[in-house]
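Chemist: my questions are about this predicted structure, shown below with the sequence.
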Amino acid sequence: MPQTITKGYKALLAEAEAAVKTLSVEEAKSLVGRDDIVFVDLRDPRELEREGRMPGAFHCPRGMLEFWIDPESPYAKPVFQEDKQFVFFCAGGWRSALAAKTAQDMGLKPVAHVEGGFSAWKKAGAPFDAPAPKQG
Ligand SMILES: O=S(=O)([O-])[S-]
């Protein structure tokens, strides 16, 4: 018998979007370079290699999020102990909505996520570091 998914991704995203602050790319752009803001890139390493990076963003693969945020975890990262605003982004804005909701549920604050993610960021002409050219 097939599995019955009782709470699908749309419901999870709707819950997350209702709970966390969403920034447009334009709003996010206006925060670049500020000392009190940490942009958190949730994409996988291969996506960064392929698509490029947001300058100055802290890279936290989505799979490590909870373990890097919790100071009691052996994998805790000091950046998540700072008194700053955390702005999450991914490729398209879905992982970042769920991640920002989880981070907020864990007590991290303030948090927000970027609508449309890195794809929208690039499309809007926001600054990014292009991927390094392939060797060979
Ligand atoms: O990056 S994503 O929005 O496709 S999950």
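Modeler: Thanks, I have it.
Chemist: which residue is the nearest non-sequential neighbour of E82?
Modeler: Using Cβ to Cβ, 6 or more residues apart in numbering and skipping the chain neighbours, the partner closest in space to E82 is V38 (6.9 Å). Using the backbone N, CA and C atoms, a C-beta is placed for each residue, glycine as well.
Chemist: got it, and A19?
Modeler: K101 (5.3 Å).
Chemist: on that earlier part again, can you get me a residue count around the residue nearest to E82?
Modeler: Counted with other Cβ atoms under 10 Å, residues neighbouring V38 total 20.
Chemist: that one bridge partners, please.
Modeler: F86 (DSSP bridges).
Chemist: give me the number of residues near the residue nearest to A19?
Modeler: For K101, the count of nearby residues is 21 (other Cβ under 10 Å).
Chemist: who's in contact with the residue in the chain positioned nearest to the ligand?
Modeler: As assessed by Cβ to the nearest ligand atom, the ligand sits closest to G92 within the chain, at 2.9 Å. Neighbouring residues of G92 by Cβ atoms under 8 Å, 6 or more residues apart in numbering: 116-117, 119-120.
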